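Chemist: Sequence and predicted structure below; questions after.
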Amino acid sequence: MRAPVRSDADRRMRRLLRLPEDAPRGSILGAQNAFSRSIAISAVRCLLIYIVIPLVGLGAGISGTLAPVIGLVLGIISMTAIFFAMRRLFAADHKWRWWYAWIGGAVFVFLFVGTIVDVVALVT
């Protein structure tokens, strides 16, 4: 079976994601499942970080030290899910891979900044 023809941008992104450039296409269903899991993980993270922790934190007084730890753990889990979803979408040459790369990349940057904020909050 011949490897699919890919653009220079696709080849660069595959290198960044550590995917073989000449590999055959991956499963579209697997890519869509990874995308769904990534969105679900991000949704749960947002609900916990922006709704549950502030409300429970105010009532139980846990927002001081525990909130940054929870934020750090959830952020790392969410960034990992975004990375692997992006890998699956590019491995499958999914038609929406670049759309997800832009959206997922932006969310990844925000999560990375949030991780830095949480680490600073724990250190100081």
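Modeler: Cool, the structure landed. Worth saying up front: this structure is predicted, and the values here are computed from it rather than measured.
Chemist: how about the helices of this protein, start to end?
Modeler: Using DSSP state H, the helices of the chain run over 8-16, 28-47, 53-60, 66-91, 97-123.
Chemist: Out of the ones you listed, which one sits most buried?
Modeler: helix 66-91 (a mean of 19; mean count of other CB atoms under 10 Å). For every residue, glycine as well, the C-beta is placed using N, CA and C.
Chemist: so what pLDDT did the residue nearest the centre of the chain get?
Modeler: Taking CA atoms, centre = their mean as the criterion, residue 82 is the residue nearest the geometric centre of the chain, at 2.1 Å. Note for residue 82: predicted pLDDT of 95.
Chemist: Below-threshold pLDDT in this structure: ranges please.
Modeler: For the chain, applying pLDDT under 70 flags the ranges 1-3, 60-64.
Chemist: neighbouring contacts of stretch 44-63?
Modeler: Stretch 44-63 is contacted from outside by 66-67, 70-71, 74-75, 77-78, using CB atoms under 8 Å, 6 or more residues apart in numbering.
Chemist: Now render the residues you listed as JSON lines, adding distance to residue 50.
Modeler: JSON lines is the format used below for these (distance: CB to CB, whole Å):
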{"residue": "66", "distance to residue 50": "16"}
{"residue": "67", "distance to residue 50": "11"}
{"residue": "70", "distance to residue 50": "12"}
{"residue": "71", "distance to residue 50": "10"}
{"residue": "74", "distance to residue 50": "11"}
{"residue": "75", "distance to residue 50": "13"}
{"residue": "77", "distance to residue 50": "16"}
{"residue": "78", "distance to residue 50": "13"}
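Chemist: for those, which one is nearest residue 94?
Modeler: residue 78 (20.2 Å; CB to CB).
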